[in-house]
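fold the following and give me the result.
(one chain, ligands or ions: 1)
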Amino acid sequence: MNYHIEFEPLGRRGECQSEHNMLQAARSLGVDIVNICGGVSKCGKCRVRIMEGRVSGHTDNEIRLLSKAELDSGIRLACAVYPLSNCKVFVPPESLSTPQRTQTEGRTIDITPDPPVKAYILEVSAPTLEDLMPDEERIYKTLDSQYKTKAAVMDIEAVREMPQVLRENNFKANIFLRGNEIISVKLASSRNIGLAVDIGTTKIAGYIVDMETGETLASKGIMNPQISYGEDLITRIMLIIRDQKNAEMMQKLDVDAINKITAEMCSEINAKPADITEAVIVANTCIHHLFLKLPVSQLGKAPYIPAARSPINVKARDIGLDISPGGYIHTLPNIAGFVGADHVAMLLATGMAEKNSTVLTLDIGTNTELCLVSGGKMTSVSSPSGPAFEGAHIKYGMRASDGSIERVRIDGDTVEYHTIGNKSPVGICGSGVLDSIAELYKAGIIDIKGNFREHRRIIKDNDGMLEFLLTEADSKKNIPEISITQKDIRQLQLAKGAISTAIQLLLKKHNLRDKEIDQIIIAGAFGTYIDVNSAITIGMLPDIPVDRIEQVGNAAGMGAKLALISGTKRKEAEAIAQKVEYLELATDPDFMKIFIKSSNMGWDNSR
Ligand code: FES
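Predicted structure coming up:
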């Protein structure tokens with residue numbers, strides 16, 4: 001008997017034999033789980049969490065190797081647990097031997113740093129029996145006379161660390177001032193470093209930046225562990241509406257993940273998380289609210305009202321983030337319920353507010369945020385493009401990691417493909433799905449409606465569904481059968497239809513035609529890896545010359561870095577959030593008509 005097993009966050013799924021344990025099932029689907037002991041329940045490294053489905057009971061080895069808290073939260077050893085039904089299994093990053101492709105690169109922008117936290121090297125006079133001034137006042141007075149600052153408050157944690165630092169260093173110290181508040185008193189040799197984080201629905205990107213020079217000292221990406229509560233935001237919100245405790249769990253998952261990559265980045269640069277004086281976090285509105293412990297239930301139903309839109313400054317310790325104990329987290333402003341601070345960060349990094357031409361920018365993901373600027377007017381929308389680009393709901397779909405097909409070319413009967421890491425193919429990621437369908441359309445193997453015509457490589461699966469074979473099984477070469485099904489094509493049509501509808505409605509709002517777009521900027525991890533020609537072929541993007549399309553990488557992360565090192569950029573971000581007009585797509589009377597036409601292959605120009 002077979003069970004359908006799904007491994008998250010990779011999105012890898014398929015039929016597995018019921019007599020196989022989860023480690024064997026993972027292996028058969030090309031998911032590499034750490035197994036130092038070779039799967040004999042001795043090393044305890046193959047930890048997974050059972051999210052859904054019935055499984056076998058705990059073994060003695062699991063009870064010995066796992067803590068009570070782990071056992072209670074559904075953690076199991078993959079080599080010891082057997083499925084008793086279809087299952088969904090979460091594989092935490094530490095159990096994955098091949099990392100996910102999480103994007104931390106982005107365009108670099110040179111600005112002169114103007115950090116909100118400034119460091120001042122200070123030498124104060126040592127107290128005597130004739131000079132009994134408390135340490136705190138001694139620092140305020142010297143700072144004011146030497147640097148003309150108006151320091152008037154000191155964080156309680158800075159007060160706690162100050163006497164020892166002063167006395168062990170001949171009354172010399174590095175004073176970290178934010179506005180009029182001293183947030184930290186450290187050794188004179190300490191650096192002024194900051195943390196910028198972009199928390200996406202599926203991925204988290206973190207950066208440690210030198211606050212004085214703006215140089216990125218370290219960067220790291222990790223999958224957002226909240227995926228174990230649902231691939232899309234609405235599922236997560238619904239779980240929270242059902243039980244408020246889920247909000248706390250999800251908040252903690254993200255904070256723990258950020259603390260983990262922060263500690264890793266710090267060790268790369270010989271620093272400690274406590275050396276970080278400030279953090280800037282950008283995220284979509286739902287994740288922003290969860291992270292700040294704000295309510296999110298209201299975001300799950302129309303009219304999707306955020307609890308807060310303004311930038312927020314909160315002590316990192318109130319959120320659980322491990323940086324300097326007196327340090328702050330700054331979040332950029334949100335725009336609407338589904339257009340958040342990450343969108344503002346992207347607009348900041350791409351300089352959209354200063355464009356004099358007609359520019360469209362989009363960050364493609366489970367939710368795609370778009371902004372059109374023309375004639376000094378900026379309009380943003382959010383389009384629910386769904387998780388197809390993450391490989392979800394695609395028969396052989398998976399997220400971008402080693403062995404996933406990311407490029408496809410079809411020539412007659414021949415299919416050429418390229419996999420990430422040049423490994424044997426195990427599935428297909430979003431850019432591979434996009435390429436495959438564009439190639440099928442170009443080769444005339446599917447028609448304008450996305451229906452299969454006839455071809456030697458088209459077969460019927462066990463359920464009678466038509467599918468096109470990208471690979472033919474070859475056990476000698478370790479190649480499994482991987483195909484694109486008629487249902488996969490429908491999923492992509494929905495996703496691309498949602499994006500092209502959003503573009504058309506933005507153009508309508510600005511009274512423009514597609515040919516009048518001077519430039520398209522594609523941001524985000526998925527957008528970086530797509531072939532823009534394929535995106536134009538299927539009609540996800542308008543047919544403008546490709547040299548007018550720019551792929552800029554993680555612009556939201558770049559925007560977070562800019563806001564980290566520059567108070568001026570924080571003000572610009574606020575001005576952007578005020579300037580952008582938010583357009584609710586579903587309220588446009590032409591929405592359905594355009595969406596139906598946009599689901600066809602090719603760009604629909606008939607509006
Ligand atoms: S592989 Fe070592 S405990 Fe499972």
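
against residue 140, how distant is the residue sitting furthest away from the middle of the chain?
Distance to the chain centre peaks in the chain at residue 130, reaching 58.2 Å (criterion: C-alpha atoms, centre = their mean). Distance of residue 130 to residue 140, computed by C-beta to C-beta, to the nearest Å: 20 Å. C-beta here means a position set from N, CA and C on the backbone, and glycine is covered the same way.

now swap in residue 521 and tell me
As defined by C-beta to C-beta, residue 521 lies at a distance of 47 Å from residue 140.

quick one, which of these two is more surrounded?
Neighbours per residue (other C-beta atoms under 10 Å) separate residue 521 from residue 140, with residue 521 holding more: 25 against 22.

which residues touch that one?
350, 352, 359, 360, 361, 362, 549, 550, 552, 555 (C-beta atoms under 8 Å, 6 or more residues apart in numbering).

let's have those in a markdown table, adding neighbour count and distance to the ligand.
Shown next, in a markdown table, are the contacts of residue 521 (neighbours: other C-beta atoms under 10 Å; distance: C-beta to the nearest ligand atom, whole Å):
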| residue | neighbour count | distance to the ligand |
| --- | --- | --- |
| 350 | 26 | 45 |
| 352 | 22 | 49 |
| 359 | 21 | 51 |
| 360 | 27 | 49 |
| 361 | 27 | 45 |
| 362 | 26 | 42 |
| 549 | 19 | 46 |
| 550 | 16 | 45 |
| 552 | 20 | 41 |
| 555 | 28 | 40 |
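
could you list which of these belong to helices?
Counted as lying in helices by DSSP state H, out of the contacts of residue 521, are residue 555.

now the two most distant members of the contacts of residue 521.
Pairwise distances across the contacts of residue 521 (C-beta to C-beta) peak at 15.4 Å, for the pair 352 and 549.

start and end of stretch 447-461, how far apart?
For stretch 447-461, the first-to-last residue distance is 20 Å (C-alpha to C-alpha, to the nearest Å).

avg pLDDT for that stretch?
Average pLDDT, stretch 447-461: 92.

ditto for stretch 361-379
Mean predicted lDDT for stretch 361-379 stands at 93.

quick check, the residue in the stretch 51-200 of the chain closest to the ligand?
Proximity to the ligand, evaluated over the stretch 51-200 of the chain using C-beta to the nearest ligand atom, is greatest for residue 79 at 3.4 Å.

what's the neighbour count on the residue lying closest to residue 300 once chain neighbours are set aside?
Excluding its sequence neighbours, the residue lying closest to residue 300 (C-beta to C-beta, 6 or more residues apart in numbering) is residue 237, at 3.8 Å. Here the count is done by other C-beta under 10 Å, and residue 237 has 24 residues near it.

now the one 10 residues further on
Counted with other C-beta under 10 Å, residues neighbouring residue 247 total 22.

now tell me what touches whichever strand or helix holds it from outside.
Residue 247 is part of helix 245-268, with elements assigned from DSSP states H and E. Contact with helix 245-268 is made by 195, 197, 199, 204, 206-208, 217-222, 224-226, 228-229, 236, 239-240, 272-273, 275-276, 287, 290-291, 293, 295-296, 319-323, as judged by C-beta under 8 Å, 6+ apart.

just the ones in strands from those residues, please.
Mapping the contacts of helix 245-268 onto strands (DSSP state E) picks out 195, 197, 199, 204, 206-208, 217-222, 276.

where does the chain dip in pLDDT?
Within the chain, the stretches falling below the threshold (pLDDT under 70) are 97-109, 606-607.

that one against the ligand: which residues are in contact?
Contacts of the chain with the ligand, taken as C-beta under 6 Å from any ligand atom, map to 35-37, 39, 41-46, 77-79.

same thing but at 5 Å, please
35, 37, 39, 41, 43, 46, 77, 79 (C-beta under 5 Å from any ligand atom).

where do the helices of the stretch 1-150 of the chain begin and end?
Taking DSSP state H, counting those that start in this stretch, the helices of the stretch 1-150 of the chain run over residues 22-28, 60-65, 68-72, 135-147.

for the ones you listed, which one ends up most surrounded?
Per-stretch averages of neighbours, counted by mean count of other C-beta atoms under 10 Å, single out helix 22-28 among the helices of the stretch 1-150 of the chain, with a mean of 22.
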